[in-house]
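Novice: Could you work out the structure for the sequence below:
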Amino acid sequence: MSNKQSIRTKSQRAILKSLLVSLGIIFISSLPYLHDLITIRGEGLAPWVPDLGIEKALTDADGKVMGFSSYRVFLYTLLIHLFAHIGWVGWMLDAKGKSYRFALLVPVVLSGYTVGLLLFNTRATEFNEPDTKFYLTLFLSIIVILNFFINYKRKNPQ
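Specialist: Numbering: from 1, shown residues only. Next up, the predicted model:
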């Protein structure tokens with residue numbers, strides 16, 4: 001393979017990678033609006049969406065979907081929290097080598113915790129109480145800060 005072909009192949013890969021990253025960012029940024037495409041207000045699923053039985057499987061005896069009034073509300077809440085979680089994780093991954101990266105672990109874990117609460121239908125339990133979240137935040141923050149200082153002292157002995 002000549003040098004010119006090698007450069008063209010690398011350029012094509014870079015363009016493809018940039019295109020895929022761009023499409024990923026566009027998809028992630030549209031997560032909070034997917035509920036508008038998938039469901040119709042007051043009616044349920046849009047006609048073009050195949051009925052896979054997900055809504056029925058997530059609906060309890062009271063007619064609530066994972067504790068929410070409708071499938072549409074559940075999707076919106078889940079996707080908006082997932083959107084935020086992906087943003088925090090993306091920032092943490094992008095912050096490699098930055099001095100503040102350790103602190104990003106707190107919002108990453110908390111946003112993941114919230115997504116987990118929604119997926120496991122534990123919103124109405126003690127796991128979703130304000131004091132539980134406050135203590136979790138406080139505990140996690142202390143651990144992250146202690147870990148940072150222990151690692152800092154280990155790397156920079158005086």
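Novice: Can you list the low-confidence ranges for the protein?
Specialist: Applying pLDDT under 70 to the chain flags residues 1-5, 7, 158.
Novice: ok now do the residue nearest the centre of the chain, which residues does it touch?
Specialist: Nearest to the geometric centre of the chain sits His85, at 2.9 Å (Cα atoms, centre = their mean). Residues in contact with His85 (Cβ atoms under 8 Å, 6 or more residues apart in numbering) are Val108, Ser111, Gly112, Thr114, Val115. For glycine as for every other residue, the C-beta is placed from the backbone atoms N, C-alpha and C.
Novice: Go again with 10 Å.
Specialist: Contacts for His85 (Cβ atoms under 10 Å, 6 or more residues apart in numbering) come out as Pro107, Val108, Val109, Leu110, Ser111, Gly112, Tyr113, Thr114, Val115, Gly116.
Novice: what does Tyr33 give?
Specialist: So Tyr33 contacts Tyr76, Leu79, Ile80, Phe83 (Cβ under 10 Å, 6+ apart).
Novice: The last one reaches Ile25, doesn't it?
Specialist: No. Under the criterion of Cβ atoms under 10 Å, Phe83 makes no contact with Ile25, lying 11.5 Å away.
Novice: Compare neighbour counts for the two and give me the winner.
Specialist: Neighbour count, other Cβ atoms under 10 Å: between Phe83 and Ile25, Phe83 has more, with 17 against 12.
Novice: show me the contacts for that one.
Specialist: By Cβ under 10 Å, 6+ apart, the neighbours of Phe83 are Ile28, Ser29, Ser30, Leu31, Pro32, Tyr33, Leu34, Ser111.
Novice: Doesn't it belong to a helix?
Specialist: Yes. Under DSSP: H, G, I helix; E, B strand; the rest coil, Phe83 falls within a helix.
Novice: Nearest residue to Ala103 in space, please, no chain neighbours.
Specialist: In this structure, Ala103 finds its nearest non-sequential neighbour in Val144, 6.6 Å apart by Cβ to Cβ, 6 or more residues apart in numbering.
Novice: residues in contact with that neighbour?
Specialist: Residues near Val144 by Cβ under 10 Å, 6+ apart: Phe102, Ala103, Leu104, Leu105, Val106, Val109.
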